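A.B. asks: Output the structure for:
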Amino acid sequence: MHLLYAFLVLLSLSYGFHPTCPGRCSCDSVYSVQCYRLTELPSTLPSTTKKLYISHSKIPRLQMSSFTQMLALEDFILLASGTESVENDTFKTLSTLKTLELCKNNMLSSLVSLQSLMLDDNNIESVAGPLALPHLKRLSMENNRLHLVPASFFTSLQSLQFLSFSGNFLTKIPINLPKSLLSLKMERNQLKVVRFRDLKHLEHLSHLYLSENSLSSIDGAQILANLTTLELSQNQVQMLPLRLPARLQKLDISNNLIQRVTAQDFHDLRDLKHLFLDNNTVSLFEAGALQMCSQLSNLALEQNLLLSIPLRLPGTLARLDLKGNAIQNIAEMELKDLKQLQVLNLRNNKISALDLKVLEGLPRLRHLYLDGNPWNCTCSLVRAREILKAKGTDVRGGQCAAPAEQQGESWMSSKKIMRQCEHHLHLTEKNKETKKKSKLEEHSRINMDDDYYDYEID
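C.D. replies: Prediction:
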């Protein structure tokens, strides 16, 4: 009897014997259980189990009732166990669960017709391939914890058109991406460089999103001949990208470190419609730099270091944003070609006056933002207001900085300024009438003298 007891003790030490340890399982401690060749999840586990590892089994379905007693479970690993489906809310009761791995199963094998798969916000740390979904067109794995995506992952995804890995920890764009891709989203990762030669097979790619990474330069994107949208906002790019695709329609390179804009940067971009250069440090904008962009309608240059409005902008512009620069004057020659301009944002600059000829040269202007400037509220500015009202332009004005008696008044709505200018206008018109009358009388006398002499000649 003593010999048998000693044997059982040894057996419990070597094989994880535990009074509630299920068959085909090894309970390494009161916290960890490993099982092999099961046909269902174990129904009796130590209540203290924190880690459950199951491998090489035949468990076709996971359901909530199997987990209701696992209140302490933190790690659940199910490896190569033929699992094909998971019941809704299966893991709902596992409030302590930290790790969930379902590798090498057949959970999607029956979904051969699946076209859209969204796996956002799941704390997924790794993926393995291939993912056997031949008809899948849209895959999103945003806001997970991926550091690497193996090339084999995409082997069976040859119909994929829309792919998003935004909000992960990827340091490079995955290779072997499906040739069928139309859109690739890689925002909010840790990219430091983009090797466009690894993407040259993506001949249909039209949208590429690379915002909120750590990119310092972009070169060679022209290899993506059909790219129409390129977003690079919130990186560390110091120069405008070299060799951009000729078909590009939208370029967002806002919130970077760009200082200069030259004609060479945009020489071949004849299809460009939207250009976002706001929140950079642009101080030099070469005259005519965008003249070749013959379809440009939206230009954003807010929050830069411009001292004046760039010269020879495309006449196709419908919106021009210049908020938050250091512009002091608006010259007629700067805006004279913008006959299609509908929105002009000049907020928070250093402008004190408006040239009436500038306003008359903008026939389609509908929205004008002027607040945040040190306005010199003369009657000339009030006349500008009347011109704008007559044009039907919605004007968001600002407060007067001068003269002293007008400080704090709104030049767009102050009745006090209006009364003063009306009085000034009345005096001016009265003086004009007096001068005109004097000239007429003088001219009349001359004519009478002429008549007199004419009569005398006869």
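A.B. asks: CA atoms for contacts and neighbours, from now on please.
C.D. replies: Fine.
A.B. asks: how about Lys389, secondary structure?
C.D. replies: helix (DSSP: H, G, I helix; E, B strand; the rest coil).
A.B. asks: Kindly state the domain boundaries assigned to the chain.
C.D. replies: 16-107, 111-241 (automatic domain parsing).
A.B. asks: Need the winner for burial among those domains.
C.D. replies: domain 111-241 (a mean of 19; mean count of other CA atoms under 10 Å).
A.B. asks: thinking again about what came up before, okay, the domains of the chain in a markdown table with mean pLDDT and distance to Arg270 next?
C.D. replies: Converted to a markdown table, the domains of the chain look like this (pLDDT from 0 to 100; distance: least, CA to CA, whole Å):
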| stretch | mean pLDDT | distance to Arg270 |
| --- | --- | --- |
| domain 16-107 | 86 | 48 |
| domain 111-241 | 94 | 12 |
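A.B. asks: need those in JSON lines with distance to Asn279, can you?
C.D. replies: Output for the domains of the chain, formatted as JSON lines (distance: least, CA to CA, whole Å):
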{"stretch": "domain 16-107", "distance to Asn279": "40"}
{"stretch": "domain 111-241", "distance to Asn279": "9"}
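A.B. asks: wait, which of these is closest to Ala331?
C.D. replies: domain 111-241 (27.4 Å; CA to CA).
A.B. asks: Of the domains of the chain, give the one that comes closest to Gly392.
C.D. replies: domain 111-241 (34.4 Å).
A.B. asks: where exactly do the strands run in the stretch 251-400 of the chain?
C.D. replies: Here the stretch 251-400 of the chain has its strands, by DSSP state E, counting those that start in this stretch, at 260-261, 274-276, 284-285, 298-300, 319-321, 343-345, 367-369, 375-376, 394-396, 400-402.
A.B. asks: Mind putting the ones you listed into JSON lines with distance to His56 and mean pLDDT?
C.D. replies: Shown next, in JSON lines, are these (distance: least, CA to CA, whole Å; pLDDT from 0 to 100):
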{"stretch": "strand 260-261", "distance to His56": "61", "mean pLDDT": "96"}
{"stretch": "strand 274-276", "distance to His56": "54", "mean pLDDT": "98"}
{"stretch": "strand 284-285", "distance to His56": "65", "mean pLDDT": "97"}
{"stretch": "strand 298-300", "distance to His56": "58", "mean pLDDT": "98"}
{"stretch": "strand 319-321", "distance to His56": "62", "mean pLDDT": "98"}
{"stretch": "strand 343-345", "distance to His56": "65", "mean pLDDT": "97"}
{"stretch": "strand 367-369", "distance to His56": "68", "mean pLDDT": "94"}
{"stretch": "strand 375-376", "distance to His56": "78", "mean pLDDT": "90"}
{"stretch": "strand 394-396", "distance to His56": "70", "mean pLDDT": "90"}
{"stretch": "strand 400-402", "distance to His56": "79", "mean pLDDT": "88"}
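A.B. asks: Of those, which stretch is the most buried?
C.D. replies: Comparing the strands of the stretch 251-400 of the chain by mean neighbour count (mean count of other CA under 10 Å), strand 375-376 ranks first with a mean of 23.
A.B. asks: now for the domains of the chain, which one comes closest to Ala287?
C.D. replies: domain 111-241 (16.4 Å).
A.B. asks: Output the strands of the stretch 251-400 of the chain as CSV; include the columns distance to Leu210.
C.D. replies: Below are these laid out as CSV (distance: least, CA to CA, whole Å):
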stretch, distance to Leu210
strand 260-261, 21
strand 274-276, 14
strand 284-285, 25
strand 298-300, 19
strand 319-321, 23
strand 343-345, 27
strand 367-369, 31
strand 375-376, 41
strand 394-396, 35
strand 400-402, 43
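A.B. asks: Please identify which of these is closest to Thr229.
C.D. replies: Using CA to CA, the nearest of the strands of the stretch 251-400 of the chain to Thr229 is strand 274-276, at 9.4 Å.
A.B. asks: so how far does stretch 160-179 reach from one end to the other?
C.D. replies: By CA to CA, to the nearest Å, the extent of stretch 160-179 from end to end equals 8 Å.
A.B. asks: Let me know which of the strands of the stretch 251-400 of the chain is the nearest to Pro150.
C.D. replies: strand 274-276 (34.1 Å).
A.B. asks: so where do the helices sit in the stretch 201-350 of the chain?
C.D. replies: Using DSSP state H, counting those that start in this stretch, the helices of the stretch 201-350 of the chain run over 332-335.
A.B. asks: re earlier: what's the closest of the domains of the chain to Val282?
C.D. replies: Nearest to Val282, of the domains of the chain and by CA to CA, is domain 111-241 at 10.3 Å.
A.B. asks: Determine how far that closest one lies from the middle of the whole chain.
C.D. replies: Distance of domain 111-241 from the chain centroid (CA atoms, centre = their mean, to the nearest Å) equals 16 Å.
A.B. asks: Then stretch 390-410?
C.D. replies: 34 Å.
A.B. asks: Next, the contact list for the closest residue to Gln340 other than its chain neighbours, please.
C.D. replies: Nearest in space to Gln340, with sequence neighbours left out and distances taken as CA to CA, 6 or more residues apart in numbering, is Ala318 at 5.5 Å. Ala318 makes contact with 297-298, 340-343, according to CA atoms under 8 Å, 6 or more residues apart in numbering.
A.B. asks: Need the nearest residue in space to Ile258, chain neighbours excluded.
C.D. replies: Gln238 (4.6 Å).
A.B. asks: To clarify, my last question referred to Pro60.
C.D. replies: Thr83 (4.2 Å).
A.B. asks: Report the secondary structure state of Gln34.
C.D. replies: strand.
A.B. asks: cool, and Glu405?
C.D. replies: helix.
A.B. asks: ok so, going back, so who does the residue nearest to Ile258 touch?
C.D. replies: 216-217, 256-259.
A.B. asks: Next one: it from Gln69, what distance?
C.D. replies: For Gln238, the distance to Gln69 - CA to CA - is 57 Å.
A.B. asks: What of Val237?
C.D. replies: 54 Å.
A.B. asks: and if you look at Leu224?
C.D. replies: On the measure of CA to CA, Leu224 and Gln69 end up 54 Å apart.
A.B. asks: One more: Leu272?
C.D. replies: Taking CA to CA, one finds Leu272 at 61 Å from Gln69.
A.B. asks: Could you pull up the residues touching the residue lying closest to Gln342 once chain neighbours are set aside?
C.D. replies: Distances taken as CA to CA, 6+ apart place Leu365 nearest to Gln342, at 4.1 Å, with adjacent residues excluded. Applying CA under 8 Å, 6+ apart, we find Leu365 in contact with 340-344, 391, 393.
A.B. asks: which of these lies closest to Asn325?
C.D. replies: When those are compared against Asn325 (criterion: CA to CA), the nearest one is Leu344, at 13.6 Å.
A.B. asks: Any figure for the gap between that closest one and Pro314?
C.D. replies: 14 Å.
A.B. asks: again with Thr393
C.D. replies: The value you get for Thr393 to Pro314, if CA to CA is used, is 22 Å.
A.B. asks: The two: which has the busier surroundings?
C.D. replies: Pro314 (23 against 18; other CA atoms under 10 Å).
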